[in-house]
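Trainee: Any chance you can model this:
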Amino acid sequence: MSFLKVFISWSKARSLIVAKALEEWLPQVINQVQPWMSAKSIEAGKLSIAQISEALETTSFGIICVTPENQRETWLNFEAGALSKAVMGANASAVPLLIGFKDFRTLGAPLSNYQAHLASKEDIRTIVHAINAALPTRREVPQLDAAFEKWWPDLEVSIEKAQAWSPPPGQEVTDSPKSLDKSIDEILQLTKTQVLQFNEISSRLSKVEQMAKGREKFIEEMLKATRQEHEYDPLWRLQDPKESELETVLDVINNYLATRPRLAISSAIATDSGTIEVTTVDALDDEEKAAIAAMARPAPKVEWRIEFKVTGGEPGQAPTS
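Mentor: From the prediction side, this is the model:
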(Lines give C-alpha, C1' and ligand atoms only; values in the text may rest on other atoms or scores of the structure.)
Protein backbone atom coordinates (compact mmCIF):
# COMPACT_ATOMS: atom_id res chain seq x y z
CA MET A 1 0.00 0.00 0.00
CA SER A 2 1.38 3.39 -1.01
CA PHE A 3 0.92 6.24 1.45
CA LEU A 4 0.23 9.93 0.83
CA LYS A 5 2.24 12.17 3.12
CA VAL A 6 0.20 15.15 4.38
CA PHE A 7 2.27 17.96 5.80
CA ILE A 8 0.54 19.73 8.75
CA SER A 9 1.87 23.21 9.44
CA TRP A 10 1.18 25.05 12.71
CA SER A 11 2.42 27.82 15.00
CA LYS A 12 1.37 28.80 18.55
CA ALA A 13 -0.89 27.06 21.06
CA ARG A 14 -4.35 27.23 19.46
CA SER A 15 -3.04 26.03 16.10
CA LEU A 16 -1.28 23.12 17.79
CA ILE A 17 -4.57 21.83 19.27
CA VAL A 18 -6.03 21.26 15.80
CA ALA A 19 -2.73 20.10 14.24
CA LYS A 20 -2.37 17.30 16.79
CA ALA A 21 -6.00 16.28 16.36
CA LEU A 22 -5.63 16.13 12.56
CA GLU A 23 -2.49 14.03 12.88
CA GLU A 24 -4.45 11.36 14.77
CA TRP A 25 -7.78 11.77 12.95
CA LEU A 26 -6.83 11.74 9.24
CA PRO A 27 -5.53 8.11 9.14
CA GLN A 28 -8.82 6.97 10.71
CA VAL A 29 -10.78 8.44 7.79
CA ILE A 30 -8.25 7.62 5.03
CA ASN A 31 -5.96 4.72 5.84
CA GLN A 32 -3.49 5.62 3.08
CA VAL A 33 -2.69 9.02 4.64
CA GLN A 34 0.53 9.53 6.59
CA PRO A 35 0.45 12.89 8.44
CA TRP A 36 3.69 14.69 9.22
CA MET A 37 4.12 17.40 11.87
CA SER A 38 6.30 18.27 14.82
CA ALA A 39 4.95 18.70 18.33
CA LYS A 40 8.33 18.98 20.00
CA SER A 41 7.85 22.63 20.91
CA ILE A 42 5.18 25.32 20.89
CA GLU A 43 7.81 27.41 19.10
CA ALA A 44 7.75 25.58 15.79
CA GLY A 45 10.80 27.53 14.67
CA LYS A 46 12.98 25.24 16.79
CA LEU A 47 12.47 22.51 14.23
CA SER A 48 15.47 22.37 11.92
CA ILE A 49 15.05 23.51 8.34
CA ALA A 50 16.81 20.32 7.22
CA GLN A 51 13.98 18.23 8.73
CA ILE A 52 11.37 20.45 7.10
CA SER A 53 13.06 20.15 3.70
CA GLU A 54 13.32 16.38 4.01
CA ALA A 55 9.62 16.10 4.89
CA LEU A 56 8.57 18.37 2.04
CA GLU A 57 10.47 16.32 -0.54
CA THR A 58 7.91 13.53 -0.23
CA THR A 59 4.84 15.70 0.50
CA SER A 60 1.95 15.87 -1.96
CA PHE A 61 -0.58 17.69 0.21
CA GLY A 62 -0.46 20.17 3.08
CA ILE A 63 -2.80 21.66 5.67
CA ILE A 64 -1.81 25.00 7.24
CA CYS A 65 -3.49 25.53 10.61
CA VAL A 66 -4.06 29.29 10.69
CA THR A 67 -5.38 31.38 13.60
CA PRO A 68 -5.75 35.15 14.05
CA GLU A 69 -2.73 35.00 16.36
CA ASN A 70 -0.32 33.19 14.06
CA GLN A 71 -1.20 34.30 10.52
CA ARG A 72 1.61 36.90 10.57
CA GLU A 73 4.18 34.51 12.00
CA THR A 74 7.30 34.29 9.85
CA TRP A 75 7.69 30.56 10.44
CA LEU A 76 4.13 29.69 9.40
CA ASN A 77 4.40 31.75 6.22
CA PHE A 78 7.78 30.19 5.46
CA GLU A 79 6.29 26.70 5.72
CA ALA A 80 3.30 27.76 3.59
CA GLY A 81 5.62 29.06 0.87
CA ALA A 82 7.82 25.95 1.01
CA LEU A 83 4.72 23.74 0.93
CA SER A 84 3.34 25.55 -2.11
CA LYS A 85 6.66 25.01 -3.87
CA ALA A 86 6.70 21.34 -2.87
CA VAL A 87 3.26 20.73 -4.41
CA MET A 88 4.34 22.51 -7.61
CA GLY A 89 2.30 25.65 -6.87
CA ALA A 90 -1.03 23.82 -6.79
CA ASN A 91 -2.97 25.96 -4.32
CA ALA A 92 -5.65 23.29 -4.02
CA SER A 93 -2.98 21.01 -2.46
CA ALA A 94 -1.78 23.61 0.07
CA VAL A 95 -4.83 24.45 2.17
CA PRO A 96 -5.03 27.03 4.98
CA LEU A 97 -7.50 25.79 7.63
CA LEU A 98 -8.87 28.85 9.44
CA ILE A 99 -9.39 28.37 13.18
CA GLY A 100 -11.05 31.17 15.14
CA PHE A 101 -12.08 33.09 12.02
CA LYS A 102 -15.68 34.14 11.41
CA ASP A 103 -15.08 34.54 7.69
CA PHE A 104 -12.31 35.00 5.13
CA ARG A 105 -12.21 38.82 5.23
CA THR A 106 -9.74 39.00 8.12
CA LEU A 107 -7.23 36.65 6.48
CA GLY A 108 -4.30 38.69 5.25
CA ALA A 109 -1.74 38.14 2.54
CA PRO A 110 0.10 36.00 1.61
CA LEU A 111 -2.14 33.26 3.03
CA SER A 112 -5.21 34.90 1.47
CA ASN A 113 -3.78 33.92 -1.92
CA TYR A 114 -4.49 30.25 -1.14
CA GLN A 115 -7.83 28.42 -1.29
CA ALA A 116 -8.56 28.67 2.42
CA HIS A 117 -11.28 26.79 4.31
CA LEU A 118 -12.99 27.48 7.63
CA ALA A 119 -12.80 24.91 10.41
CA SER A 120 -16.38 23.80 9.80
CA LYS A 121 -17.65 20.28 9.18
CA GLU A 122 -18.43 20.80 5.49
CA ASP A 123 -15.21 22.68 4.76
CA ILE A 124 -13.15 19.93 6.40
CA ARG A 125 -15.15 17.35 4.40
CA THR A 126 -14.06 19.26 1.27
CA ILE A 127 -10.41 19.01 2.40
CA VAL A 128 -10.78 15.28 3.01
CA HIS A 129 -12.18 14.80 -0.49
CA ALA A 130 -9.25 16.80 -1.93
CA ILE A 131 -6.78 14.54 -0.08
CA ASN A 132 -8.59 11.47 -1.40
CA ALA A 133 -8.35 12.86 -4.94
CA ALA A 134 -4.56 13.11 -4.56
CA LEU A 135 -4.23 9.39 -3.70
CA PRO A 136 -2.86 6.99 -6.32
CA THR A 137 -5.81 4.70 -5.49
CA ARG A 138 -8.82 6.69 -4.38
CA ARG A 139 -11.33 5.54 -1.82
CA GLU A 140 -14.93 5.32 -3.02
CA VAL A 141 -16.88 8.46 -2.10
CA PRO A 142 -19.69 6.65 -0.18
CA GLN A 143 -17.11 4.78 1.90
CA LEU A 144 -15.15 8.00 2.45
CA ASP A 145 -18.25 9.91 3.62
CA ALA A 146 -19.21 7.07 5.94
CA ALA A 147 -15.76 7.08 7.55
CA PHE A 148 -15.89 10.86 7.81
CA GLU A 149 -19.25 10.78 9.63
CA LYS A 150 -18.02 8.06 11.96
CA TRP A 151 -14.86 9.86 13.05
CA TRP A 152 -16.04 13.47 12.82
CA PRO A 153 -17.12 13.77 16.50
CA ASP A 154 -13.54 13.06 17.61
CA LEU A 155 -12.14 15.94 15.55
CA GLU A 156 -15.07 18.19 16.39
CA VAL A 157 -14.14 18.16 20.09
CA SER A 158 -10.66 19.52 19.35
CA ILE A 159 -11.96 22.10 16.87
CA GLU A 160 -14.51 23.41 19.36
CA LYS A 161 -11.80 23.60 21.99
CA ALA A 162 -9.58 25.58 19.64
CA GLN A 163 -12.44 27.85 18.53
CA ALA A 164 -13.20 28.71 22.16
CA TRP A 165 -9.53 29.24 23.07
CA SER A 166 -8.59 32.70 24.35
CA PRO A 167 -5.08 34.13 24.21
CA PRO A 168 -3.27 34.88 27.48
CA PRO A 169 -3.52 38.47 28.77
CA GLY A 170 -1.35 40.81 26.75
CA GLN A 171 -1.33 38.59 23.65
CA GLU A 172 -4.71 39.60 22.26
CA VAL A 173 -4.98 40.41 18.58
CA THR A 174 -5.62 44.15 18.58
CA ASP A 175 -5.71 44.80 14.87
CA SER A 176 -7.03 42.74 12.00
CA PRO A 177 -4.76 41.95 9.03
CA LYS A 178 -7.14 43.76 6.71
CA SER A 179 -6.84 46.98 8.71
CA LEU A 180 -3.08 46.46 8.83
CA ASP A 181 -3.06 45.99 5.07
CA LYS A 182 -5.15 49.15 4.74
CA SER A 183 -2.70 51.09 6.91
CA ILE A 184 0.22 49.82 4.86
CA ASP A 185 -1.58 50.76 1.64
CA GLU A 186 -2.24 54.26 3.03
CA ILE A 187 1.42 54.66 3.96
CA LEU A 188 2.51 53.48 0.51
CA GLN A 189 0.03 55.84 -1.17
CA LEU A 190 1.24 58.75 0.95
CA THR A 191 4.84 57.90 0.11
CA LYS A 192 4.02 57.75 -3.60
CA THR A 193 2.28 61.14 -3.37
CA GLN A 194 5.27 62.67 -1.61
CA VAL A 195 7.64 61.21 -4.21
CA LEU A 196 5.52 62.68 -7.01
CA GLN A 197 5.46 66.07 -5.27
CA PHE A 198 9.22 65.93 -4.76
CA ASN A 199 9.75 65.06 -8.43
CA GLU A 200 7.50 67.95 -9.47
CA ILE A 201 9.41 70.40 -7.25
CA SER A 202 12.74 69.04 -8.56
CA SER A 203 11.51 69.47 -12.13
CA ARG A 204 10.48 73.08 -11.48
CA LEU A 205 13.77 73.87 -9.75
CA SER A 206 15.62 72.38 -12.69
CA LYS A 207 13.68 74.61 -15.09
CA VAL A 208 14.40 77.69 -12.96
CA GLU A 209 18.08 76.74 -12.85
CA GLN A 210 18.15 76.37 -16.63
CA MET A 211 16.44 79.75 -17.04
CA ALA A 212 18.95 81.36 -14.68
CA LYS A 213 21.86 79.84 -16.58
CA GLY A 214 20.35 81.03 -19.84
CA ARG A 215 19.90 84.54 -18.47
CA GLU A 216 23.48 84.64 -17.16
CA LYS A 217 24.75 83.51 -20.54
CA PHE A 218 22.67 86.20 -22.27
CA ILE A 219 24.02 88.92 -19.96
CA GLU A 220 27.58 87.66 -20.39
CA GLU A 221 27.24 87.74 -24.19
CA MET A 222 25.76 91.27 -24.10
CA LEU A 223 28.61 92.51 -21.89
CA LYS A 224 31.17 90.87 -24.15
CA ALA A 225 29.59 92.36 -27.25
CA THR A 226 29.43 95.84 -25.70
CA ARG A 227 33.07 95.72 -24.62
CA GLN A 228 34.10 94.57 -28.09
CA GLU A 229 32.07 97.44 -29.59
CA HIS A 230 33.88 100.01 -27.41
CA GLU A 231 37.30 98.40 -27.82
CA TYR A 232 37.98 100.38 -30.99
CA ASP A 233 36.72 103.67 -29.51
CA PRO A 234 39.86 105.66 -28.52
CA LEU A 235 37.90 108.01 -26.25
CA TRP A 236 36.31 105.10 -24.39
CA ARG A 237 39.68 103.45 -23.88
CA LEU A 238 41.06 106.66 -22.33
CA GLN A 239 38.23 106.84 -19.80
CA ASP A 240 38.63 105.98 -16.16
CA PRO A 241 38.10 102.18 -15.76
CA LYS A 242 35.20 102.78 -13.43
CA GLU A 243 33.51 105.13 -15.90
CA SER A 244 34.10 102.80 -18.84
CA GLU A 245 32.68 99.90 -16.87
CA LEU A 246 29.65 102.02 -15.94
CA GLU A 247 29.09 102.91 -19.58
CA THR A 248 29.25 99.23 -20.50
CA VAL A 249 26.67 98.34 -17.85
CA LEU A 250 24.35 101.14 -18.96
CA ASP A 251 24.60 100.01 -22.60
CA VAL A 252 23.78 96.43 -21.62
CA ILE A 253 20.76 97.49 -19.55
CA ASN A 254 19.44 99.82 -22.25
CA ASN A 255 19.89 97.09 -24.88
CA TYR A 256 17.96 94.73 -22.64
CA LEU A 257 15.16 97.28 -22.22
CA ALA A 258 15.04 97.82 -25.97
CA THR A 259 14.36 94.11 -26.53
CA ARG A 260 11.15 94.37 -24.47
CA PRO A 261 8.35 95.98 -26.54
CA ARG A 262 6.54 97.42 -23.53
CA LEU A 263 9.84 98.79 -22.15
CA ALA A 264 11.16 100.16 -25.45
CA ILE A 265 10.92 103.81 -24.31
CA SER A 266 12.55 103.07 -20.97
CA SER A 267 16.05 104.17 -20.07
CA ALA A 268 18.92 103.58 -17.68
CA ILE A 269 21.19 106.44 -16.62
CA ALA A 270 23.90 107.07 -14.05
CA THR A 271 23.17 109.64 -11.32
CA ASP A 272 25.57 111.91 -9.46
CA SER A 273 24.99 109.86 -6.31
CA GLY A 274 26.65 106.85 -7.93
CA THR A 275 23.57 104.79 -8.66
CA ILE A 276 22.00 103.48 -11.85
CA GLU A 277 18.47 104.77 -12.28
CA VAL A 278 16.16 102.67 -14.44
CA THR A 279 13.02 104.53 -15.50
CA THR A 280 10.13 102.70 -17.18
CA VAL A 281 6.57 103.51 -18.18
CA ASP A 282 5.26 100.22 -16.79
CA ALA A 283 6.35 98.70 -13.51
CA LEU A 284 8.91 95.93 -13.87
CA ASP A 285 8.13 92.50 -12.50
CA ASP A 286 10.48 90.71 -10.11
CA GLU A 287 12.09 88.64 -12.86
CA GLU A 288 12.87 91.72 -14.95
CA LYS A 289 14.32 93.55 -11.93
CA ALA A 290 16.46 90.52 -11.11
CA ALA A 291 17.73 90.37 -14.68
CA ILE A 292 18.71 94.06 -14.68
CA ALA A 293 20.36 93.79 -11.27
CA ALA A 294 22.38 90.82 -12.53
CA MET A 295 23.67 92.93 -15.43
CA ALA A 296 25.47 95.23 -13.01
CA ARG A 297 27.03 92.47 -10.92
CA PRO A 298 29.47 91.12 -13.56
CA ALA A 299 31.30 94.49 -13.55
CA PRO A 300 34.77 93.71 -12.13
CA LYS A 301 35.53 97.25 -10.93
CA VAL A 302 32.48 98.04 -8.87
CA GLU A 303 29.01 96.75 -8.06
CA TRP A 304 26.41 99.35 -8.95
CA ARG A 305 23.36 100.14 -6.84
CA ILE A 306 20.20 100.26 -8.95
CA GLU A 307 17.02 102.25 -8.39
CA PHE A 308 13.83 101.51 -10.29
CA LYS A 309 11.33 104.26 -11.13
CA VAL A 310 8.06 104.37 -13.04
CA THR A 311 6.80 107.42 -14.95
CA GLY A 312 3.28 106.43 -13.98
CA GLY A 313 1.77 107.41 -17.35
CA GLU A 314 2.70 108.75 -20.75
CA PRO A 315 6.33 109.16 -21.81
CA GLY A 316 7.83 112.36 -20.52
CA GLN A 317 5.81 112.43 -17.33
CA ALA A 318 7.82 113.02 -14.16
CA PRO A 319 9.08 109.72 -12.75
CA THR A 320 8.01 108.38 -9.36
CA SER A 321 9.91 105.91 -7.17
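Trainee: Name the next helix or strand downstream of the lowest-mean-pLDDT helix or strand in the chain, please.
Mentor: The weakest-scoring helix or strand in the chain, judged by mean pLDDT, DSSP states H and E, is helix 234-238 (a mean of 44). Next helix or strand after helix 234-238 toward the C-terminus (DSSP states H and E): helix 241-258.
Trainee: can you give me the helices in the stretch 151-300 of the chain?
Mentor: For the stretch 151-300 of the chain, applying DSSP state H, counting those that start in this stretch gives helices covering 177-231, 234-238, 241-258, 286-296.
Trainee: and these, which one is worst for confidence?
Mentor: Ranked on mean pLDDT, the bottom entry among those is helix 234-238, at a mean of 44.
Trainee: elements contacting the helix or strand harbouring residue 26?
Mentor: Secondary-structure assignment from DSSP H and E places residue 26 in helix 13-29. Applying 3 or more CB pairs under 8 Å, 6 or more residues apart in numbering; DSSP states H and E, we find helix 13-29 packed against strand 4-9, strand 33-36, strand 59-66, helix 121-133, helix 141-163. (Glycine included, C-beta is placed from N, CA and C.)
Trainee: 6 Å instead, please
Mentor: strand 33-36, strand 59-66, helix 141-163 (3 or more CB pairs under 6 Å, 6 or more residues apart in numbering; DSSP states H and E).
Trainee: And these: which comes nearest residue 271?
Mentor: Proximity to residue 271 (CB to CB) singles out strand 59-66 among the helices and strands packed on helix 13-29, at 85.9 Å.
Trainee: Can you give the contact residues for the next helix-or-strand element following the closest one?
Mentor: Downstream of strand 59-66, the next assigned helix or strand under DSSP H and E is helix 74-86. Identification of contacts with helix 74-86 by CB atoms under 6 Å, 6 or more residues apart in numbering yields 7, 9, 11, 44-45, 56, 59, 62, 64, 70, 94.
Trainee: can you put those in JSON lines and add pLDDT, distance to residue 141 and neighbour count?
Mentor: Below are the contacts of helix 74-86 laid out as JSON lines (pLDDT from 0 to 100; distance: CB to CB, whole Å; neighbours: other CB atoms under 10 Å):
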{"residue": "7", "pLDDT": "91", "distance to residue 141": "24", "neighbour count": "24"}
{"residue": "9", "pLDDT": "89", "distance to residue 141": "27", "neighbour count": "28"}
{"residue": "11", "pLDDT": "87", "distance to residue 141": "33", "neighbour count": "27"}
{"residue": "44", "pLDDT": "46", "distance to residue 141": "34", "neighbour count": "24"}
{"residue": "45", "pLDDT": "47", "distance to residue 141": "39", "neighbour count": "14"}
{"residue": "56", "pLDDT": "74", "distance to residue 141": "29", "neighbour count": "18"}
{"residue": "59", "pLDDT": "82", "distance to residue 141": "24", "neighbour count": "21"}
{"residue": "62", "pLDDT": "90", "distance to residue 141": "23", "neighbour count": "25"}
{"residue": "64", "pLDDT": "92", "distance to residue 141": "25", "neighbour count": "27"}
{"residue": "70", "pLDDT": "87", "distance to residue 141": "33", "neighbour count": "24"}
{"residue": "94", "pLDDT": "85", "distance to residue 141": "23", "neighbour count": "26"}
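Trainee: and which of those residues is nearest to residue 36?
Mentor: Ranked by distance to residue 36 (CB to CB), the contacts of helix 74-86 are led by residue 7 at 5.4 Å.
Trainee: For that closest one, give me its contacts.
Mentor: 36, 59, 62, 83.
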